[in-house]
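In: Mind looking at a prediction? Sequence and model below.
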Amino acid sequence: MKNLIGQRFWFCIAIVFCSMGLSAQLSVVNTENGQVSGYKSGEINIFKGIPFAAPPVGELRWKAPAPVKNWSGVLKCDKFSASPMQRKPVPFMMWTEEFITPSENLSEDCLYLNVWTPAKSAKDKLPVFVWIYGGGFSSGSAACTVYDGEEMSKKGIIFVSINYRVGVLGFMAHPGLSSESANKVSGNYGLLDQIAALVWIKRNIEAFGGDPQKVTIDGQSAGSMSVCVLVASPLAKGLFRGAIAESGGILNNRMSNNLADAEKSGIAIMEKLKTSSIDELRKKSADELINAGGNFGPVADGYVIPNDVFGAFRNGKFNDVAMMAGWVTGDGSIMGNQTLTLEKYKEQALKNYGDKAEEFLKLFPGNTNDQVSASMKLVGLMQFAAVPAYLWAGYASKQAYVYEFSHVPVDKPDFPNYGAFHTSEVPFALHTLHLWKRPWRDVDFAVEKTMNDYWVNFVKNGNPNGKDLPEWKVYDKPIGNIMEIGDQSKLTPGLYKNEFKFLAGMLVTKK
């Protein structure tokens, strides 16, 4: 009898260990460069800090990302890597700590990505969602609190967040850098980082249970502009099947910076730091370079980004994939001075629109100070994100969906109410409200569920619609369907139809 009990005991133990092995079979994954280990949270396997490119330091500073060197053994990937070098991140205005880069770990050695996967095996072939952060191309990190991927992963998708270089280290162009490049261009290193990450995903995500043919990219603000660049870039062809752009685009005047002009900014940095060669500049510390100032961002270089972005879209020479694009009603507040006098506002309208100024003032009136403020915010919003989304949807031949986010998050005690502010939609889309410290109401969680369901459905099917959701019809110019995501989400045909026609018409005729 004792032997029988003992046999049953060890049989049960064996069953437990076998079950543990089955549930943890993705805890170690074979990538093309070596094995990586992560950790589990419930049913989700999480890998943080997987290298997708060689550290861009020393001689590799201001160069396209180089391949990762293979390693032996198992690389432990259980915490976020360093974030890219940038000015010390601190919360400001409406952007509380949940939206800010962790300040304790900044480094040029930052080209790593993170994976949340619910897959039980490498054969699951799950759809993949890739998050690209914002930050004005001068800040940002995949490690920001509200970019956590666990909740979305629980819904049957693989969530990947990536780092890329920012600021002077990610986007500085210079004639010396252009001359040493095989393609005779410089700058756009941060975008090349994003492309390198997507290439890594295409080659490796199957080992995590993902389908490399079902990748959707998404980004907000500068991340949204990055998504639009990737849609425009011939270098990103075939790396994704869907694209989501939240609050930012390139079909506006923001891509007017050409390589020659961008190189002048690099020359100014060299002069300010009293250096005479790229070699000397590479020996400067990252802090010295950042403190030298300057504004750096994507450049229409004819290699990463077409010289004529409008022409590329107009002629169908872009990565024409299923798309969603939209904006937040508060996006216009980040676009500069909102306090012009009535006279100055009308003078600016005449300067900007000439004989069309009267038509502009009918659409965006300025007869009172309140009207001026509201009109300037609306114009700023439309030029920054809404018109680019409208134009892209018009050029797309695949499913195109356009939205406006208007929900105002619950007030934080003893904190100004900033309304539906730029970036406020991100925790709703990514299902991370629980990580944003506010006293949430039922209506906030209801909006989060609606928005996140749309996002997850789009990642899975290229279509946001699903059970118990207001129907979101595709966008077409004659009708102009726009989904208003707010306290009560609803489809609104013709929203801003006349404003779009005017502003887009003025923009396109200039190109």
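Out: Structure received.
In: any idea how far residue 389 is from residue 342?
Out: 30 Å (Cβ to Cβ, to the nearest Å). Backbone N, C-alpha and C define where each C-beta goes, glycine included.
In: swap in residue 33?
Out: 62 Å.
In: tell me which element residue 151 falls in.
Out: Per DSSP states H and E: residue 151 is located in helix 150-153.
In: any idea of the mean pLDDT for that helix?
Out: Across helix 150-153, pLDDT averages out at 98.
In: re earlier: looking only at neighbour counts, state which of residue 389 and residue 342 leads.
Out: Each of residue 389 and residue 342 has its neighbours counted (other Cβ atoms under 10 Å); residue 389 has more, 31 against 13.
In: Once you drop chain neighbours, what's closest to the more buried one?
Out: residue 325 (3.6 Å; Cβ to Cβ, 6 or more residues apart in numbering).
In: residue contacts, the one you found?
Out: Contacts for residue 325 (Cβ atoms under 8 Å, 6 or more residues apart in numbering) come out as 224, 244-246, 249, 385, 388-389, 392-393, 400-403.
In: Wasn't it part of a strand?
Out: Yes: residue state for residue 325 (DSSP: H, G, I helix; E, B strand; the rest coil) corresponds to a strand.
In: Note down every partner strand of the lengthiest strand in the chain and its orientation.
Out: The residue-count maximum for a strand in the chain (DSSP state E) belongs to strand 210-220. Using DSSP bridges, strand 210-220 pairs in its sheet with strand 126-132 (parallel), strand 242-246 (parallel).
In: Mind putting these into TSV with mean neighbour count, distance to residue 490 and mean pLDDT?
Out: Putting the strands paired with strand 210-220 into TSV (neighbours: other Cβ atoms under 10 Å; distance: least, Cβ to Cβ, whole Å; pLDDT from 0 to 100) gives the following:
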stretch	mean neighbour count	distance to residue 490	mean pLDDT
strand 126-132	26	26	98
strand 242-246	28	19	98
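In: Residue 417: which of these is closest?
Out: Residue 417 sits nearest to strand 242-246 of all the strands paired with strand 210-220, at 21.6 Å, using Cβ to Cβ.
In: buried ones in whichever helix or strand comes after the closest one?
Out: Using DSSP H and E, the helix or strand that follows strand 242-246 towards the C-terminus is helix 259-272. Neighbour-count burial for helix 259-272 flags 259, 262, 263, 265, 266, 269, 270 (criterion: 16 or more other Cβ atoms under 10 Å).
In: any idea which of these is the one closest to residue 295?
Out: Looking across the buried residues of helix 259-272 and measuring by Cβ to Cβ, the closest to residue 295 is residue 265, at 7.3 Å.
In: so where's the protein uncertain?
Out: 1-25, 255-256, 336-338, 508-511 (pLDDT under 70).
In: give me that answer again for 50
Out: Applying pLDDT under 50 to the chain flags residues 1-24.
In: Let's check: the centremost residue of it is which one?
Out: Per Cα atoms, centre = their mean, the C-alpha nearest to the average position across the chain is that of residue 219, at 1.9 Å.
In: And it, how close does it get to residue 266?
Out: 25 Å.
In: Next: residue 38.
Out: Distance of residue 38 to residue 266, computed by Cβ to Cβ: 39 Å.
In: cool, residue 327 as well?
Out: Distance, residue 327 to residue 266, using Cβ to Cβ: 32 Å.
In: before we move on, back to that, for the helix holding residue 151, packing partners?
Out: In terms of contacts (3 or more Cβ pairs under 8 Å, 6 or more residues apart in numbering; DSSP states H and E), helix 150-153 is packed against strand 44-51, strand 112-117, strand 158-162, helix 442-461.
In: List the residues that contact residue 350.
Out: residue 357.
In: Let me see the ranges of the strands in the chain.
Out: Along the chain, counting by DSSP E, strands occupy 28-31, 34-37, 39-41, 44-51, 74-76, 112-117, 126-132, 158-162, 210-220, 242-246, 322-328, 400-405, 481-485, 490-493.
In: For those strands, give me TSV that also has distance to residue 425.
Out: Converted to TSV, the strands of the chain look like this (distance: least, Cβ to Cβ, whole Å):
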stretch	distance to residue 425
strand 28-31	32
strand 34-37	32
strand 39-41	25
strand 44-51	24
strand 74-76	34
strand 112-117	20
strand 126-132	13
strand 158-162	17
strand 210-220	8
strand 242-246	6
strand 322-328	5
strand 400-405	4
strand 481-485	8
strand 490-493	16
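In: Quick one: the helices in the stretch 251-400 of the chain, in order.
Out: Applying DSSP state H, counting those that start in this stretch to the stretch 251-400 of the chain gives helices spanning 259-272, 278-283, 286-291, 309-314, 342-353, 357-363, 369-381, 387-395.
In: and among those, the most buried is which?
Out: Counting by mean count of other Cβ atoms under 10 Å, helix 387-395 has the highest mean neighbour count of the helices of the stretch 251-400 of the chain, with a mean of 24.
In: so how far is it from its chain's centroid?
Out: Offset of helix 387-395 from its chain centre (Cα atoms, centre = their mean, to the nearest Å): 18 Å.
In: for stretch 248-256, same thing?
Out: Centroid displacement of stretch 248-256 relative to its chain, using Cα atoms, centre = their mean, is 15 Å.
In: Ok, stretch 59-67 next?
Out: Centroid separation for stretch 59-67 versus its chain: 22 Å, with Cα atoms, centre = their mean.
In: re the thing from before, with distance to residue 447 as new columns, can the helices of the stretch 251-400 of the chain be given to me in a markdown table?
Out: Compiled in a markdown table, the helices of the stretch 251-400 of the chain are given as follows (distance: least, Cβ to Cβ, whole Å):
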| stretch | distance to residue 447 |
| --- | --- |
| helix 259-272 | 40 |
| helix 278-283 | 48 |
| helix 286-291 | 38 |
| helix 309-314 | 32 |
| helix 342-353 | 34 |
| helix 357-363 | 29 |
| helix 369-381 | 20 |
| helix 387-395 | 20 |
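In: Quick check: which of the ones you listed is nearest to residue 200?
Out: Closest approach to residue 200 among these is made by helix 286-291 (24.0 Å; Cβ to Cβ).
In: Alpha carbons of that closest one, as PDB, please.
Out: What follows is helix 286-291 as a C-alpha-only set of coordinates in PDB (Å, rounded to 0.1, in the frame of the first residue of the first chain):
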ATOM      1  CA  ALA A 286      26.100  62.700 -25.600                       C
ATOM      2  CA  ASP A 287      25.300  65.400 -23.000                       C
ATOM      3  CA  GLU A 288      27.500  67.900 -24.700                       C
ATOM      4  CA  LEU A 289      25.700  67.300 -28.000                       C
ATOM      5  CA  ILE A 290      22.300  67.500 -26.400                       C
ATOM      6  CA  ASN A 291      23.200  70.700 -24.500                       C
END
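In: Report the contact partners of residue 292.
Out: 168, 269, 272, 273.
In: Excluding chain neighbours, what is closest to the second one?
Out: It refers to residue 269. In space, and not counting its chain neighbours, residue 269 is closest to residue 292: 5.3 Å by Cβ to Cβ, 6+ apart.
In: And that neighbour, how close does it get to residue 186?
Out: According to Cβ to Cβ, residue 292 and residue 186 sit 17 Å apart.
In: Ok, residue 146 next?
Out: For residue 146, the distance to residue 186 (Cβ to Cβ) stands at 33 Å.
In: nearest residue to residue 400 other than its sequence neighbours?
Out: Closest residue to residue 400 apart from its sequence neighbours, by Cβ to Cβ, 6+ apart: residue 393 at 4.0 Å.
In: Kind regards, and thank you for your time.
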